[in-house]
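K.L.:
Here is a sequence with its predicted model. Questions after.
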Amino acid sequence: MGYGSAKNVLPLPELRGVLVKSHDEVLHFRCENTPATPSAAPYHCHCSHDHPPGPIVAPAIISTPDSPKNSFGMIIPKLLPLWNGRSKTGRQNMSTLQNKVAVITGGNSGIGLATAKELLEKGAKVIITGRRQSAIDEAIKQLGAGATGILADTADLVHTDALVQKVKKLHGGVDILFINAGVGHFFPLEAATEEQFDQIMNINFKGAYFTLSKFLPLLNEGSSVIFLSSVSATTGMANSSVYGASKAALNSLVKVASTELAPRKIRVNSVSPGPIETPILDKAGFDEASRDGFTTAMKARVPLKRFGTAWEVAKLVAFLGSDDAAFITGGDYVVDGGLAVNPFFA
Ligand SMILES: NC(=O)c1ccc[n+]([C@@H]2O[C@H](COP(=O)([O-])OP(=O)(O)OC[C@H]3O[C@@H](n4cnc5c(N)ncnc54)[C@H](OP(=O)(O)O)[C@@H]3O)[C@@H](O)[C@H]2O)c1
């Protein structure tokens, strides 16, 4: 079996093979003819790259005489949903997450749930966590086959240990770790209590920190870790002292973890949303009037004049989790309608 030129093209009826995906996500047709075939092996496929084959992404295909041909006269087997995503240049338009295993903490709601849907659509196997069994069950009903729900309070390290063991048993390793679980509580400095401080820090920072730390043995080479941070880490919004600090701590962790984990080719990034329409504000303890006031003021400040959707964050997370982002690590990526660059209400 060989790669790299189109010189030794097999007669059409003898062409058998599989689709393989190379390191750069390009699909190639790989011959599966053996030396038992009458002419000399190895046979070469239409592939200009010098690389070992990637994982097989389609079962063996036997071409038929009416299958389309490529410019070298080789048969492109009639398959393929997989082929449909390709552009005219022959590249896939969007990277697939086929066969990747993704763990999403806080996946029963909002951004976590939207990301679970996005990753499933792209072919990943998804595990979501949450601290309420009923909410997890409801989310799994929406997500359907391919998703598993595991009850785990991110602030409780015993739960995190158990989560790691369950994921290990289910899948052995993890390719995408989306550390998303978080709470938002907002109050002025003088109103802060130790209890509120500990709750926010234990979930948003300590829980996130140990989720990464305890999942390290399960992270596959080349895997992607994404933390859900916030523009509050850097914008100095009033009443966000503890919440903003919990997210700023994540941004610092991303930088250190990305350098520590680079030798294992594990990428670590964060995503920082601005205001996103999710249930988080309902859980933040605002009364209706304060919630409406906050929403109106925030919309006025965002240059695009609206809240973002959970879906818009999920797309960015899916990209960072994919091999399309293979050279991206140690960064924080803002999805905020321009909020961070608009310090004045306009
Ligand atoms: N929405 C925004 O405007 C915005 C902006 C910037 C950053 N963020 C961040 O985005 C992340 C997701 O929030 P969201 O807006 O999608 O809100 P959400 O709908 O409330 O989702 C938060 C998720 O985290 C879970 N969670 C909270 N505490 C947990 C714990 N101790 N253990 C396990 N799971 C826990 C929640 O479960 P329950 O349903 O049980 O609470 C829920 O599934 C958070 O980290 C948040 O800080 C949100």
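P.N.:
Received, thanks. Residues are numbered from 1 along each chain as shown.

K.L.:
What parts of the stretch 201-346 of the chain come near the ligand?
P.N.:
Residues of the stretch 201-346 of the chain lying near the ligand by C-beta under 6 Å from any ligand atom: I203, L228, S230, P273, P275, I276, T278, P279, I280, K283. C-beta: built from backbone N, CA, C; applies to glycine.

K.L.:
Please flag which of those residues sit within helices.
P.N.:
I280, K283 (DSSP state H).

K.L.:
are any of the residues of the stretch 201-346 of the chain next to the ligand buried, and which?
P.N.:
Buried subset of these (neighbour count, 16 or more other C-beta atoms under 10 Å): I203, L228, S230, P273, P275, I276, T278, I280.

K.L.:
what's the closest of the residues of the stretch 201-346 of the chain next to the ligand to V254?
P.N.:
L228 (11.1 Å; C-beta to C-beta).

K.L.:
correct me, but that closest one touches V271?
P.N.:
Yes - L228 is within contact range of V271, at 6.0 Å (criterion: C-beta atoms under 8 Å).

K.L.:
So, low pLDDT: which residues of the chain?
P.N.:
Applying pLDDT under 70 to the chain picks out residues 1-95, 343-346.

K.L.:
which two in the buried ones among the residues of the stretch 201-346 of the chain next to the ligand are spaced the farthest apart?
P.N.:
Using C-beta to C-beta for every pair in those, the one that comes out farthest apart is I203 and P275, at 19.8 Å.

K.L.:
Is the helix or strand Q165 falls within positioned near the ligand?
P.N.:
Per DSSP states H and E, Q165 falls inside helix 157-171. No - Helix 157-171 is not in contact with the ligand by C-beta under 6 Å from any ligand atom; minimum separation 7.8 Å.

K.L.:
That helix packs against which elements?
P.N.:
strand 101-104, strand 125-130, strand 147-151, helix 208-215 (3 or more C-beta pairs under 8 Å, 6 or more residues apart in numbering; DSSP states H and E).

K.L.:
will you turn the ones you listed into TSV that also has mean neighbour count?
P.N.:
Output for these, formatted as TSV (neighbours: other C-beta atoms under 10 Å):
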stretch	mean neighbour count
strand 101-104	28
strand 125-130	25
strand 147-151	20
helix 208-215	20
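
K.L.:
which residues touch A284?
P.N.:
Neighbouring residues of A284 by C-beta atoms under 8 Å, 6 or more residues apart in numbering: V183, G184, H185, F186.

K.L.:
which one of the residues you listed has the most neighbours?
P.N.:
F186 (21 neighbours; other C-beta atoms under 10 Å).

K.L.:
Would you confirm that E195 belongs to a helix?
P.N.:
Yes - counting by DSSP: H, G, I helix; E, B strand; the rest coil, E195 falls inside a helix.

K.L.:
How many residues are close by it?
P.N.:
What E195 shows, counting by other C-beta under 10 Å, is a neighbour count of 8.

K.L.:
heads up, I number from 20, so please use that
P.N.:
I'll keep to 20 as the first residue from here, and by that count the last item is E214.

K.L.:
and the gap between it and M220?
P.N.:
Remark: distance between E214 and M220 (C-beta to C-beta, to the nearest Å) = 11 Å.

K.L.:
tell me the phi and psi of A333?
P.N.:
The phi and psi torsions at A333 (degrees, to the nearest 10) take the values phi -60, psi -40.

K.L.:
what residues are up against it?
P.N.:
Taking C-beta under 8 Å, 6+ apart, one finds I130, A133, T134, K136, E137 in contact with A333.

K.L.:
The first one reaches N199, doesn't it?
P.N.:
Pointing back at I130 there. Yes - the pair I130 and N199 qualifies as a contact (C-beta under 8 Å) at a distance of 6.1 Å.

K.L.:
Overlap of the contact sets of those two?
P.N.:
L247.

K.L.:
ok, now which ones touch the closest residue to R325 other than its chain neighbours?
P.N.:
Nearest residue to R325, sequence neighbours excluded (C-beta to C-beta, 6 or more residues apart in numbering): K318, at 6.1 Å. K318 makes contact with P294, K324, R325, F326, according to C-beta under 8 Å, 6+ apart.

K.L.:
Of those, which is the nearest to the ligand?
P.N.:
Nearest to the ligand, judged by C-beta to the nearest ligand atom, of the contacts of K318 is P294 at 4.7 Å.

K.L.:
Give the burial count for T315, as a bare number.
P.N.:
10.

K.L.:
try V177
P.N.:
9.

K.L.:
what's the longest strand in this structure?
P.N.:
Ranked by residue count under DSSP state E, the longest strand found in the chain is strand 238-247.

K.L.:
in this protein, which spans are strands?
P.N.:
35-40, 46-50, 80-81, 120-123, 144-149, 166-170, 193-198, 238-247, 286-292, 295-296, 327-328, 351-354.

K.L.:
wait, what's in contact with N270?
P.N.:
S248, A252, T253, S289, S291, D351.

K.L.:
swap the cut-off to 10 Å and go again
P.N.:
F246, S248, S249, A252, T253, S289, S291, G350, D351 (C-beta atoms under 10 Å, 6 or more residues apart in numbering).

K.L.:
For the residues you listed, which two are the farthest from each other?
P.N.:
That would be S249 and G350, which, of the contacts of N270, are the farthest apart (C-beta to C-beta) at 15.2 Å.
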